[in-house]
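Q: How does the following fold in three dimensions:
(chains A and B)
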Protein chains: 2
Amino acid sequence: MSLPRLLRAPCAARALTKPTFKRDSTVRLLPTYKSFSTSRRRQDSWILDDGTSSKLPGIDPSKLEVTKTITPKELVPNKDLVFGRTFTDHMLSIEWTASDGWQAPRITPYQNLSLDPATCVFHYAFECFEGMKAYKCPHDGSLRLFRPDKNMARLNKSAARIALPTFDGDKLTELIGKLAKLDERFIPSEKGYSLYIRPTLIGTQRTLGVGPPGSALLFVIASPVGPYYPTGFKAISLEATDYAVRAWPGGVGDKKLGANYAPGIVPQLQAAKKGLHQNLWLFGPEQNITEVGTMNLFVCIKNKETGQKELLTAPLDGTILEGVTRDSVLALARERLVPEGWKVEERYVKMQELADAESEGRLVEVFGAGTAAIVAPVRKIVWKDRTVDCGLKETEEAGEVALKMKDWMEAIQYGDEASPWSVKIA
Amino acid sequence: MSLPRLLRAPCAARALTKPTFKRDSTVRLLPTYKSFSTSRRRQDSWILDDGTSSKLPGIDPSKLEVTKTITPKELVPNKDLVFGRTFTDHMLSIEWTASDGWQAPRITPYQNLSLDPATCVFHYAFECFEGMKAYKCPHDGSLRLFRPDKNMARLNKSAARIALPTFDGDKLTELIGKLAKLDERFIPSEKGYSLYIRPTLIGTQRTLGVGPPGSALLFVIASPVGPYYPTGFKAISLEATDYAVRAWPGGVGDKKLGANYAPGIVPQLQAAKKGLHQNLWLFGPEQNITEVGTMNLFVCIKNKETGQKELLTAPLDGTILEGVTRDSVLALARERLVPEGWKVEERYVKMQELADAESEGRLVEVFGAGTAAIVAPVRKIVWKDRTVDCGLKETEEAGEVALKMKDWMEAIQYGDEASPWSVKIA
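A: Alright, predicted model coming up:
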C-alpha cells in the first residue's frame, strides 16, 4: 500500500512540526483544511484540529429542503414485506465537508447515489450505520421512535472511530422524524409492523490516499417491515465458532462499522453447512461467549450454589456491540425480574460453563437481542462435537424470559405503555 | 441488527435442511440463486453452492466492449502528480451476478458509479482491492506490469473471504493491460513514474439483509504517479502502537479488505499528534512487531551471538498483509544478500528485542515495504517513553539495504533487467 497523505502533502511538514488539538479531544480529531477549492485537493493539506472546526456549521433542521416524489411507489402488501428489501418514497441526505461543515439537509425522492469510483467508501470502508425503528401507535395514530438518543450516540461514536464527522444527535433525530412523517403511509397500523430506519454515514473523499476523509455523506433510508416472526417465534440454532474471530481488544467490534460485517459472512455460510443459522462468536482461550451473528446474547442459568436464576450477557469491554436492545433488556430485567428474585449481571459466560449448566439441568434459556427481531430464542448450540440444548421443549419456540421481553418492549414501542423510551414524532 | 437472510428467506427451510457444497471448497462458498428476476429478490432464495456456479460464465476478455472518451483529459504536469488524486481517461468495469456469473467487460470513460443507497458496499463493507503498477520501459517503450499474478491471487483470496465472487486472474490481467495500453499517454516515460492501478471489487446487492451479495462490480481505475520521493528518500518516524490493534488471529488482517483500513486512521492521527508519521503495529503481550501503517516492515540486525547480519520480517500467520513488495524483498534478499553472508528470516521481532539491538549497537536498519513507495526507510520508533534510533546518520535518509532493494526492484520494474516478474503488456 501507500504511506499516509501526511507524507505526500504540501503542508505535511507544517502539520507534523506544529500540530495543535482541541484540549478535550480524546478520540475525535477533526481534520481541518486550508482553502483549496476541491475535495481532491483538500486532503493533501489537512492539519489536525486547531479548534476552528468547532465553528463549522452543524446539522441544521431549519435549513431542510424537501423535494417530494412525483412518482409515489405502490405499497407492498403487508404479507409480502421482507426486511430491508423495499424502501419508502423518500430519503434524507446531508453532506459534510471538512472546510464547510454540515450542509443543508435535503429530503428527496429515494434515488441512487452517484459517486466517483475513487471515493474512499469503496476502498477503505469509511462507513458506519444505525438500525432503528418507527412505530405507529394503535391508540392515537402517532409515530414513535424507540430510544433514538441511543442510536444517535452510537452513530457518533462509530463515526469518530473512523475519522468521520460527528453531529448533534437531536437534530438528526428531528430530521428522521420528518422523513418518517412524510413517508407515514408506508407504516402499517397493524401491531408487529414498523418502519426500519437506516441512517448511514460514508466518507466521500475522491482520492486513494489513506487518510481522514475530507468530505462525507449522511443519508437515511427507510424500509417498511413486518413482524420478524409472522407466525410466532422460530428458535434458532447456533455454531459455537472459535476459528474465526469477530472482534478483539483494541479493535472496533463495539462500533457499528461496515468493517465488522462482511468478514462474518463466510463463517455464517460455514455454520449453514452444518444446518445452523448463526455463529456464536467465542473469544480467547477461555472460549468466552461474546455475541451471536449480529445480535447480543443473553443466557439464563440457575446459580450452581444458590439456585438463583441469573440473566447474563457479555460486558461492554470494547469487543461487544453496544446494542440498544441489549441495554433495554438489561434495564427491563433490572426493573422487573430482579424484584422476582433474579440476578442480572454483565459478565462473560465461558462456553464450558454453559455446557456444564446444561449437563446439570441449570440452563434455563438463551436468546439473542437486536433491533430487527427484538429477541431471537436459541434452541441449541453445536460446540465442537457436542450439542448444548438450551432448554426449549420440542414444541416450544421461545422461553419465558424472551417472551416477556418481547411483550414488554413492544408495549413501550407501540405506546401501549408510557415510557421515556418511546419518543413521539412531532 | 438483524438475523441473516437465511431466516427470512422463503427458501430458507430448504437451504438449511439440505445444504450441498462443492467438495473441494475450503473457503469459497458461492451462493447460487433460484430464478428470480431481480437482484433484490435473489438474495432471499440463495442456497449454498451446489456446483452449478462453476458452470457460470467467467471473465471473458473476448467480450470486451470499449467506449472511448470524447473528452480526453489534460495531462497533469509530472511535477504536480500526487498519488491517487488524478485518474486516466478510462476505467474497466465487469459486473457479476450470482445467477449469470461475470458479464461482458467494459472499458468506458472514467465516470461515477450510480448505486442504490441500500447497496451492501455502503453498509457492510463488501469491498476489497489491489494496488499494482504499470511501468514504461525506457529502452523499448513497452508497458510492463510488476508481478500481476501476485495481485490477482491476493484479490481472489480477499474476495473469497468476504463472499464476493472469484475470477481467472490471467483474464483480468489481460483486461488491465488493455486499459493501461489505451491510457498509455498518461504514463510518463521518465524513470520513477508509473501508472498506479487500482482493481476494486464491491458487493452491489441492494438490500439490507446481512448475507452474501447476489451481485458485485469489479472495476479498475488508474492514476499516474510520480516518484514517491521526488527529492530522494525521506525517512519516516513511527509510533510503536499497542493501544489499537490492526489485526487478530482468526480475523482478516492478511486480506486486502476495505475493512482493514478505516479503523487505522484515528491511531494514525494520534501518532501525528506526537509528530510521528505512522503506526508501528505491535501485537500481544510480547509486543511483536507486525506491520507499519499500510506497509510490511523489515528489520536488519546483527545477531547477538554470531554477529551475522539478519533481515527479518513478520511471518505470514494470518495477521500480516501478504505484500507483493514484501515477497519481492525477501526473494531478492535470499538471492543476493544471502550469498554476501546475510541470514533472511520470516519471524517476529519483539519490540524489546529491537530496542535491545539498538542499545547494543546491533540495529543496522529498518524499512517499510509496499507498492507505492517500494521501500520507506525508518529513522526512529517512539516506544512508550523511549526512542529507538534505527541506525540512520543525521544526514542520511535511507540505509544500504533499502537503497539496494529500491534499485534492484526498479531495474526489474522498468525492464533494465530481464525478469519473469516484469510482464510485458501485449
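
Q: what's the residue most central in space within chain A in contact with, if anything?
A: Taking CA atoms, centre = their mean, the centroid of chain A lies closest to residue A:130, which sits 4.1 Å from it. Residues near residue A:130 by CB atoms under 8 Å, 6 or more residues apart in numbering or on different chains: A:151-152, A:154-155, A:197-200, A:256. Yep, even glycine has a C-beta here, placed from its N, CA and C like the rest.

Q: now the residues you listed in TSV, with distance to chain B, secondary structure and pLDDT?
A: Shown next, in TSV, are these (distance: CB to the nearest CB, whole Å; DSSP: H, G, I helix; E, B strand; the rest coil; pLDDT from 0 to 100):
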residue	distance to chain B	secondary structure	pLDDT
A:151	12	helix	98
A:152	17	helix	98
A:154	12	helix	98
A:155	13	helix	98
A:197	11	strand	98
A:198	6	strand	98
A:199	11	strand	98
A:200	6	strand	99
A:256	8	coil	98
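
Q: Would you state the helices of the stretch 201-350 of chain A in chain order?
A: Shown for the stretch 201-350 of chain A, the helices assigned by DSSP state H, counting those that start in this stretch span residues A:265-273, A:324-332.

Q: now those helices in TSV, with mean neighbour count?
A: Shown next, in TSV, are the helices of the stretch 201-350 of chain A (neighbours: other CB atoms under 10 Å in any protein chain shown):
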stretch	mean neighbour count
helix A:265-273	22
helix A:324-332	21
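
Q: which one of those helices lies closest to chain B?
A: Judged by CB to the nearest CB, the one of the helices of the stretch 201-350 of chain A that comes nearest to chain B is helix A:265-273, at 4.3 Å.

Q: Could you pull up the mean pLDDT of that closest one?
A: Over the span of helix A:265-273, the pLDDT mean works out to 97.

Q: circling back to that earlier point, which among the contacts of residue A:130 gets closest to residue B:291?
A: Comparing these against residue B:291 with CB to CB places residue A:256 closest, at 26.0 Å.

Q: Identify the residue nearest the closest one in space, chain neighbours excluded?
A: Computed as CB to CB, 6 or more residues apart in numbering or on different chains, the closest residue to residue A:256 that is not its neighbour in sequence is residue A:158, at 4.9 Å.

Q: sec struct for the residue in the stretch 301-426 of chain A that chain B sits nearest to, please.
A: In the stretch 301-426 of chain A, the residue that lies nearest chain B is residue A:372 (3.4 Å; CB to the nearest CB). Under the three-state scheme (DSSP: H, G, I helix; E, B strand; the rest coil), residue A:372 adopts coil.

Q: Next, it: phi, psi?
A: Note on residue A:372: backbone dihedrals following degrees, to the nearest 10 are phi -70, psi -50.

Q: And for the one 10 residues further on?
A: Summarising the backbone geometry of residue A:382 under the convention degrees, to the nearest 10, its torsions are phi -90, psi 120.

Q: Surely residue A:354 touches residue A:363?
A: Yes - between residue A:354 and residue A:363 there is a contact at 6.6 Å, judged by CB atoms under 8 Å.

Q: Residues in contact with both of the two, list them for me.
A: In contact with both residue A:354 and residue A:363: A:299, A:301, A:388, using CB under 8 Å, 6+ apart.

Q: Among those residues, which lie within strands?
A: Taking DSSP state E as the definition of strands, these contribute A:299, A:301, A:388.

Q: Once you drop chain neighbours, what's closest to the residue of the stretch 101-250 of chain A found nearest chain B?
A: Per CB to the nearest CB, residue A:208 is where the stretch 101-250 of chain A lies closest to chain B, at 2.7 Å. Nearest residue to residue A:208, sequence neighbours excluded (CB to CB, 6+ apart): residue B:84, at 2.7 Å.

Q: Who does residue A:194 form a beta bridge with?
A: Note on residue A:194: beta-bridge partners by DSSP bridges are residue A:225.

Q: Spit out the contact partners of it.
A: Residue A:194 is in contact with A:133-136, A:187, A:224-225, A:413, counting by CB under 8 Å, 6+ apart.

Q: Most neighbours of all those, which one?
A: residue A:134 (27 neighbours; other CB atoms under 10 Å in any protein chain shown).

Q: just checking, it is part of a strand?
A: Yes - checked against three-state DSSP, residue A:134 lies within a strand.

Q: still on that earlier bit, any idea how far the residue nearest to the centre of chain A is from residue A:256?
A: 6 Å (CB to CB, to the nearest Å).

Q: Identify the contacts common to those two.
A: A:154-155.

Q: is it true that the residue nearest to residue A:256 touches residue A:255?
A: Yes - at 4.3 Å, residue A:158 and residue A:255 qualify as touching, with contact defined as CB under 8 Å.

Q: Find residues that contact each of those two.
A: With CB under 8 Å, 6+ apart as the test, residue A:158 and residue A:255 both reach residue A:128.

Q: ok, back up a step: let's have the contacts of residue A:194 in TSV, adding distance to residue A:283.
A: Formatted as TSV, those follow (distance: CB to CB, whole Å):
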residue	distance to residue A:283
A:133	29
A:134	35
A:135	35
A:136	40
A:187	39
A:224	36
A:225	31
A:413	32
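
Q: how deep is residue A:188 tucked in, by neighbour count?
A: With other CB under 10 Å as criterion, residue A:188 counts 18.

Q: still on that earlier bit, pipe the contacts of residue A:130 into JSON lines and attach neighbour count per row.
A: Shown next, in JSON lines, are the contacts of residue A:130 (neighbours: other CB under 10 Å):
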{"residue": "A:151", "neighbour count": "25"}
{"residue": "A:152", "neighbour count": "21"}
{"residue": "A:154", "neighbour count": "22"}
{"residue": "A:155", "neighbour count": "25"}
{"residue": "A:197", "neighbour count": "24"}
{"residue": "A:198", "neighbour count": "21"}
{"residue": "A:199", "neighbour count": "26"}
{"residue": "A:200", "neighbour count": "22"}
{"residue": "A:256", "neighbour count": "27"}
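
Q: And chain A, split by domain according to the record?
A: When chain A is parsed with the TED database, its domains come out as A:61-225, A:236-407.

Q: Relative to residue B:311, which of those domains is closest?
A: Of all these, domain A:61-225 comes closest under CB to CB, at 26.1 Å.

Q: Need the distance between the two termini of the closest one.
A: 27 Å (CA to CA, to the nearest Å).

Q: Ok, stretch A:332-339 next?
A: Length of stretch A:332-339, first residue to last, CA to CA: 11 Å.

Q: Does anything pack onto the helix or strand where residue A:423 lies? Which helices or strands?
A: Using DSSP states H and E, residue A:423 falls within strand A:422-424. Counting contacts by 3 or more CB pairs under 8 Å, 6 or more residues apart in numbering or on different chains; DSSP states H and E, strand A:422-424 packs against strand A:143-146.

Q: Okay, now the sheet partners of the strand it packs on, with direction.
A: Sheet pairing for strand A:143-146, assigned by DSSP bridges, gives strand A:132-136 (antiparallel), strand A:422-424 (antiparallel).

Q: Export only the CA atoms of it, formatted as PDB.
A: C-alpha atoms of strand A:143-146 as PDB (Å, rounded to 0.1, in the frame of the first residue of the first chain):
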ATOM      1  CA  LEU A 143     -45.500   7.900  15.200                       C
ATOM      2  CA  ARG A 144     -42.900   6.900  17.700                       C
ATOM      3  CA  LEU A 145     -39.200   6.200  17.700                       C
ATOM      4  CA  PHE A 146     -37.700   3.800  20.200                       C
END
